[in-house]
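>>> kindly generate the corresponding structure for this input.
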Amino acid sequence: MANPYEILGVARGATDAEIKKAYHKLVMQHHPDKNAGNAASEEKFKEINNAFDILKDPQKRAAYDRFGDAAFAGGNGASAGAGGNPFGGMGGNPFGAGGFEFNFGGDGLDMSEMMEEMLRGAGINMGGRGRSGAGRRAAEPQEFRGRDMLHQVSISLRDAFFGKLETIKFTTNVKCEPCAGHGTADAKSAPICNTCGGSGYVRTRNGFFATESPCHECSGIGRNIKKRCAKCDGMGVSEQQREIEVKIPAGAMDGMRLRMAGMGEAGMLGGPAGDFYVDIHVRPDKVFTRDGADLLMRATVPFATLALGGNIDVEIIDDKKVDVKIPAGTQVGERMRMRGLGMPSGNGRGDLYLDIATEVPKKLSEKQKAALAEFAGTAPKKKRGLF
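Numbers count the residues shown, from 1 in each chain. Modelled structure (predicted):
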């Protein structure tokens, strides 16, 4: 059996939405109605449906991921309805990895539906499909929700301080304008498929067992599109370049994620759009080190100012200069706190911390040398030892 992931062109970690989207795109491309008399395309169509039948079912997909082709040796859920072995690969065990449903008669409920009904009676909703029409409810637009999108933005620390309006350009699926997203030539919503009742699947029962496969009448979309839109070929979406503006808030943190609801990829056949996420990366700054809402910087102070006291000008994050008083006798390595001069945080700002440093001049005049020599000679010497 061919690899179902390769047939649909998706990765092993693909989401249900990605699998469904890939399936719909391929099944429309190879549908017998569009390729009359093409035996190769007809065979490809069967492969696509069989692959989707495995990957759409969590049990079958898990079995394939664990055992590969051996999980369905001798017949699987996709082929059992056509004479395959319903107990394939499990040594005759009907509870194996074949992914079959069991039916015990009555009103046509299979075990999964019976469980859903009992749980719903207890006030628990498992998100099941329920029953409508041909045993399944009609497909809702929510099932064709567009994919979420993620974009990364790199900004400077000063951009993070002030906030920034970032313009992002990208290419994605948008709602097809000629058909208003319906995928039809007349831009009207297509009627629900009578064969599957709008669920996109048909169920075949054989005694106690039931198998499910995509509806060949509507290609699994749940609606009977007689004449497809020429631009989107019945998908309801078309690829287009978009441009959106993202407002990065003042005080944005490295690793922050912004969500723009409904700004992601458009959903097929009128389904809602996904969301657009922006991950913020704040680049390291050459002057300031950030710690939450606080900032830390190195302040170089002349030796005379440290010894005698005085004032220095410090340029802070918002490009303003503040006058800082240095007390006499300030030591190198001391840390001074300046309240409210850090990053925006809530309704205020964090603090700015100054790490005091000094520079030793490499060139001195004769007068400066004499003054330092005099200072060194008059400075009190520390006692060493016990005596």
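>>> C-alpha only now, for contacts and for neighbours.
Noted.
>>> quick one: list the elements packing against the biggest helix by length in the chain.
The longest helix of the chain (DSSP state H) is helix 39-55. Applying 3 or more Cα pairs under 8 Å, 6 or more residues apart in numbering; DSSP states H and E, one finds that helix 39-55 contacts helix 4-8, helix 16-29, helix 58-67, strand 209-214.
>>> can we see that at 7 Å?
helix 4-8, helix 16-29, helix 58-67 (3 or more Cα pairs under 7 Å, 6 or more residues apart in numbering; DSSP states H and E).
>>> and the second one with helix 58-67, angle?
Angular relation of helix 16-29 and helix 58-67 on a 0 to 180 degree scale: 90 degrees, by axes from the mean of the first three to the mean of the last three Cα atoms, to 10 degrees.
>>> any buried residues in helix 16-29, and which?
18-24, 26-29 (16 or more other Cα atoms under 10 Å).
>>> so what's the nearest residue to Cys229 once chain neighbours are set aside up against?
Nearest non-adjacent residue to Cys229, counting by Cα to Cα, 6 or more residues apart in numbering: Ala185, 4.1 Å away. For Ala185, the contact set (Cα atoms under 7 Å, 6 or more residues apart in numbering) comprises 179, 227-230.
>>> what's the answer for Phe52, then?
Phe52 sits in contact with Tyr23, where contact means Cα under 7 Å, 6+ apart.
>>> one more pass at 10 Å, please.
4-5, 7-8, 19-20, 22-24, 27, 46, 61, 78, 213-214 (Cα atoms under 10 Å, 6 or more residues apart in numbering).
>>> over to Asp323?
When contacts are counted by Cα under 10 Å, 6+ apart, Asp323 touches 311-315.
>>> need the strands for the stretch 101-250 of the chain, in chain order.
For the stretch 101-250 of the chain, the strands defined by DSSP state E, counting those that start in this stretch cover 101-102, 149-155, 164-175, 201-206, 209-214, 237-248.
>>> where do the helices sit along this structure?
With DSSP H as the criterion, the chain has helices at 4-8, 16-29, 39-55, 58-67, 111-121, 157-162, 303-308, 366-378.
>>> any weak-confidence spans in the protein?
1, 33, 70-143, 207-208, 378-387 (pLDDT under 70).
>>> dump the buried residues of helix 16-29 to a markdown table, plus distance to Glu243.
Shown next, in a markdown table, are these (distance: Cα to Cα, whole Å):
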| residue | distance to Glu243 |
| --- | --- |
| Glu18 | 24 |
| Ile19 | 27 |
| Lys20 | 27 |
| Lys21 | 24 |
| Ala22 | 25 |
| Tyr23 | 29 |
| His24 | 27 |
| Leu26 | 29 |
| Val27 | 31 |
| Met28 | 30 |
| Gln29 | 30 |
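>>> Gly236 against Gly270, yeah?
Yes - using Cα atoms under 10 Å, Gly236 is in contact with Gly270, at 6.6 Å.
>>> find the residues that touch each one of those two.
With Cα under 10 Å, 6+ apart as the test, Gly236 and Gly270 both reach 175-176, 179-183.
>>> so which of those comes closest to Glu374?
If you rank those by distance to Glu374 using Cα to Cα, Lys175 comes first, at 83.6 Å.
>>> just list the residues touching that closest one, thanks.
Going by Cα under 10 Å, 6+ apart, Lys175 touches 181-183, 232, 235-240, 265-273.
>>> over to Lys188?
So Lys188 contacts 179-182, 225 (Cα under 10 Å, 6+ apart).
>>> let's see 8 Å
Residues near Lys188 by Cα atoms under 8 Å, 6 or more residues apart in numbering: 179-180, 182.
>>> same thing with His31?
41-42, 45, 219.
>>> rewinding a little: now, among the buried residues of helix 16-29, which is nearest to Asp355?
Glu18 (52.7 Å).
>>> show me what contacts His24?
219-221.
>>> still on that earlier bit, which of the shared contacts of Gly236 and Gly270 has the largest number of neighbours?
Gly183 (30 neighbours; other Cα atoms under 10 Å).
>>> ok, back up a step: more crowded one of Gly236 and Gly270?
Per other Cα under 10 Å, whichever of Gly236 and Gly270 has more neighbours is Gly236, with 28 against 24.
>>> so the more buried one sits right up against Ala187, yeah?
No - between Gly236 and Ala187 there is no contact under Cα atoms under 8 Å: 9.5 Å.
>>> ok, and the most crowded of the contacts of His31?
Ser219 (24 neighbours).
>>> how close does that one get to Gly198?
Using Cα to Cα, to the nearest Å, Ser219 is found at 11 Å from Gly198.
>>> for the helices of the chain, which one sits closest to Arg349?
helix 157-162 (10.0 Å).
>>> for that closest one, which outside residues touch it?
Outside helix 157-162, the residues that touch it by Cα under 8 Å, 6+ apart are 248-253, 282-285, 317-318, 343-344.
>>> dump those to JSON lines, plus distance to His151 and neighbour count.
Listed next are the contacts of helix 157-162 as JSON lines, based on distance: Cα to Cα, whole Å; neighbours: other Cα atoms under 10 Å:
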{"residue": "Ile248", "distance to His151": "13", "neighbour count": "21"}
{"residue": "Pro249", "distance to His151": "16", "neighbour count": "16"}
{"residue": "Ala250", "distance to His151": "19", "neighbour count": "17"}
{"residue": "Gly251", "distance to His151": "19", "neighbour count": "21"}
{"residue": "Ala252", "distance to His151": "16", "neighbour count": "25"}
{"residue": "Met253", "distance to His151": "16", "neighbour count": "18"}
{"residue": "Val282", "distance to His151": "14", "neighbour count": "19"}
{"residue": "Arg283", "distance to His151": "16", "neighbour count": "14"}
{"residue": "Pro284", "distance to His151": "20", "neighbour count": "13"}
{"residue": "Asp285", "distance to His151": "23", "neighbour count": "11"}
{"residue": "Ile317", "distance to His151": "27", "neighbour count": "19"}
{"residue": "Asp318", "distance to His151": "27", "neighbour count": "13"}
{"residue": "Met343", "distance to His151": "25", "neighbour count": "28"}
{"residue": "Pro344", "distance to His151": "24", "neighbour count": "22"}
